[in-house]
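Visitor: The sequence isn't on hand, but the structure is:
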């Protein structure tokens, strides 16, 4: 299933959505991705990726209310879909296999 | 600062459209507000900008992947991606890119600077309403009954005769020429202005009351002049200041209105300040004030005439043409009216027949009056030709530079032939390759133009040195303004299109695909090579044109500087004093001058002092008819330049006397009137240089002046002009001058304070100005020639450098292409010398054909240069020969470097080259 192949950045964004209590907004996701990446990330990258994940059916979203502190623009909340959860699961296997090799490179 | 930076936000929404854009901007704004509260607005703004830039970069770099659901083949690339491709390909070859930017940038910089000057001094419309409809009415004023000298006229630098008009003539033109919607008269004047303790010289324009209304110039403060101001008020004359003078002298004081200042000791009230940038209809003059015309009678220094006297032809008449009247038909109408006026004058003026021949040829010319080039400002007149010449020169430099850039791109194109071939194999169309190349060229040109604008900005500081002045004339600069920006834009488009067309089709031509299979045409097909040879040959030709031009200009300057001036300028200081209008000319004024001369002579550092009506080489001077004692009838007379000088004038300036003596303090009023003549005048009047003891006089007067000395001939008006007949008369016997230049031979510098201190006790209302050293004045008189020589030299050097670089590049490619062939030849026993000959033949042909073409072009165009040269033919064979040989020689030398590199290499390496 080609749609479940995820890049590392896509995976980070997807994980950020998945680990939110219920649903997550753009700011939360951006901050989580930045935290897991260890350095700042541009909002444009996050939104482009979310857009892409949305098109692939890995996340769903709904539009929230517009607030004055956002300059009157609406907020959008993202939530993991079943397909998204499955994609994480598939990629988790691959990551685990990869992670298993790390001790060989950096032996204690 | 509650909201995020608007510019960053706009850029962001430009790249992120629709809902996604709104969400993104909303997120960023929310975070921005949080950050602004937590870390301060500056930090938040920086963060926002960083976010915006990176988000845009993401948008540009991550091409949206085709979705599986809707595969789109052959879709259009977004233009942003094309730009990115161009940037990548430019950055990949930083050396070439940098070279192109520097080369082209220098050419851009030179072009922009010269354009800046040309525009300000020649092309630009004046800051007035509808400048195209404003004309200068140029015609000899019709004769009047009681006048012998009917017209005054002067010859402009371009050979055009400019006539002054009398006030009655202005009124006739105003009332009787129907195609003139409005007519104004004006004249420049210099007065002693007094706003504080000491009076100073101040330039102004005396105008008719309708002047500002007709020109459509408003007031920055207060009001402009109106026809009401023409009425002479007992109280005070209304004066409008120029904006520049108001800011310079009064610090832009808003409370200036109603203040009274003295113009030649006549009280005048400031009623307004003219609109910013308006300094009359000339260019480069520091005009300080405007006053309505009858004021001329009140403030003119010692003018024995009324402003509306028919005898004084001193006005410039300008007219605004009526709507939908073009200049040529207006000129026709004006000439018809003029002929009627002349016919009336013939009926009324007795003795008109004397002048009939002169007036038979007289006619009205309407010259454009609304542009910087209008024939009114001495600066425009003297520099127009030079500036057009420089424009032509930078144009050539630009062409050479553009040729070089085309050549570099061709070279790079052939180096990238493989890449292009691969792209073609992958299905890129030729249109796309051409488009990519266009993007690259456009970016290069844009960056180079930007660099050029920077260079032009920086080079403004060099301008005074180049023009040979301490301070630039008002409004004269080469700093790029909006007009220069527009011109730069146009030039960029034209140059970019040219360079693109000159290289794009060669690089992308269909057979370029062959490169994939064969290494033989690694460095371009023969067709491209001959195209490059043509480019380089053209560069050599254009550089030869420039070099020849520069060479004759430099030699002409050398001729000028080696001219014997006939006086010793070193160590002589000069300044000017001006008699106030209130003091009558006569013995009292002469007494003040003589007392000042003696006062200065008493100073310890001063070794000699004298005074003169006319500094040497300062131009001007009056032409007067003089007769000798042989011709009591007064015929034939000699047109002579009269110079009124003080005692010891010749000795102070170190001017040698051939016979007789210098003037002394004894040559004063009441004694025998005396004269010193130069050789030319002596020969013209007496047929011999031995004239001491003979007598001469002005035409129609008894020749009663005794010649006491004969001075050696020297160029008197300017270094360029040959010696003209010249007559020195004693200032103490002819004290009518309103201004006199002092010449002081002294150690150290004479200051204003010294001169003022010596003058004030004698008469406090005299003004002291124009301090300079005489050698500076001599050097200034050559400033135009020096500027031309320097700039043309610099341009020629730049072009030659580029042409030589072109030759170098051509040979390098050529040698590389034939490395294998060279290897084979060497292996088969050819000598290195024979290989050299083989390769150098190409450079020799290209360089000499180019040089020949360049020489031909130069000879054909040389007519334009003739007027600017001194004592040198523009087609001087030695000069042209040296210039051409130098360029050909250097090109040849540049060509040998890559050739010897190619033949020096290892034989095996040469054979293995792929």
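Guide: Perfect, I can see it now. Just so you know, these numbers come straight off a predicted model, no measurement behind them. Residues are numbered from 1 along each chain as shown, chains lettered A, B, ... in the order given.
Visitor: could you pull out the strands for the stretch 201-350 of chain B?
Guide: Using DSSP state E, counting those that start in this stretch, the strands of the stretch 201-350 of chain B run over residues B:219-222, B:237-241, B:260-263, B:266-274, B:289-292, B:316-321.
Visitor: Run through who's touching the longest one.
Guide: Identification of contacts with strand B:266-274 by Cβ atoms under 8 Å, 6 or more residues apart in numbering or on different chains yields B:212, B:217-225, B:229, B:235-243, B:246, B:256-262, B:290-291, B:295, B:298-299, B:581. In this view, the C-beta of every residue, glycine as well, is placed from N, C-alpha and C.
Visitor: Filter the residues you listed down to the buried ones and hand me the ChimeraX line.
Guide: Only the buried entries of the contacts of strand B:266-274 go into this ChimeraX selection, using 16 or more other Cβ atoms under 10 Å in any protein chain shown:
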select /B:212,217,219,220,221,222,224,225,229,236,237,238,239,240,241,242,243,246,256,261,262,290,291,295,298,299,581
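Visitor: With adjacent residues omitted, what lies nearest to residue B:313?
Guide: residue B:164 (4.0 Å; Cβ to Cβ, 6 or more residues apart in numbering or on different chains).
Visitor: Give me the phi and psi for residue 14.
Guide: I went with chain A, as the question did not name one. phi -60, psi -40 (degrees, to the nearest 10).
Visitor: To what extent is it buried, counted in neighbours?
Guide: 25 (other Cβ atoms under 10 Å in any protein chain shown).
Visitor: Return the residues in contact with it.
Guide: By Cβ under 8 Å, 6+ apart, residue A:14 lies in contact with A:6, A:53, A:58, A:59, A:80, A:84, A:87, A:88.
Visitor: Residue B:382 versus that one, what's the distance?
Guide: 77 Å (Cβ to Cβ, to the nearest Å).
Visitor: got a list of what the closest residue to chain B within chain A touches?
Guide: The nearest approach of chain A to chain B comes at residue A:44, 2.3 Å away (Cβ to the nearest Cβ). Contact analysis of residue A:44 by Cβ under 8 Å, 6+ apart lists B:12, B:15, B:16, B:24, B:51, B:54, B:55, B:56, B:57, B:58, B:59.
Visitor: and if we set it to 10 Å?
Guide: A:30, B:12, B:15-16, B:20-21, B:24, B:28, B:51-59, B:62 (Cβ atoms under 10 Å, 6 or more residues apart in numbering or on different chains).
Visitor: again with residue B:739
Guide: B:190, B:192, B:201, B:301, B:576-579, B:613, B:766-767, B:769-770.
Visitor: and those, which of them are in strands?
Guide: Among the contacts of residue B:739, the residues falling in strands (DSSP state E) are B:190, B:192, B:201, B:576, B:577, B:578, B:767, B:769, B:770.
Visitor: So the fifth one is in contact with residue B:742, correct?
Guide: Yes - proximity of residue B:577 to residue B:742 meets the contact threshold set by Cβ atoms under 10 Å, at 6.7 Å.
Visitor: Of these two, give the one with the bigger neighbour count.
Guide: Neighbour count, other Cβ under 10 Å: between residue B:577 and residue B:742, residue B:742 has more, with 27 against 24.
Visitor: Sort out which residues of the longest helix along chain B are buried, please.
Guide: Of all segments of type helix in chain B, defined using DSSP state H, the longest is helix B:378-415. Within helix B:378-415, the residues that count as buried by 16+ other Cβ under 10 Å are B:378-381, B:383-387, B:389-415.
Visitor: go on, stretch B:719-728?
Guide: Quick answer for stretch B:719-728 (16+ other Cβ under 10 Å): B:719, B:720, B:723, B:724, B:725, B:726, B:727, B:728.
Visitor: Report the contact partners of the third one.
Guide: I take that to be residue B:723. Residue B:723 touches B:566, B:641, B:678, B:679, B:680, B:681, B:712, B:713, B:714, B:715, B:716, B:717, counting by Cβ under 10 Å, 6+ apart.
Visitor: How about the residues of chain A by chain B?
Guide: A:2-3, A:25-31, A:40-52, A:54-56, A:61, A:63-64, A:66-76 (Cβ under 10 Å from any Cβ of the partner chain).
Visitor: what about the closest residue to residue B:867 other than its chain neighbours, distance to chain A?
Guide: In space, residue B:867 comes closest to residue B:385 once its chain neighbours are excluded; the distance is 6.9 Å by Cβ to Cβ, 6+ apart. Taking Cβ to the nearest Cβ, to the nearest Å as the measure, residue B:385 and chain A are separated by 58 Å.
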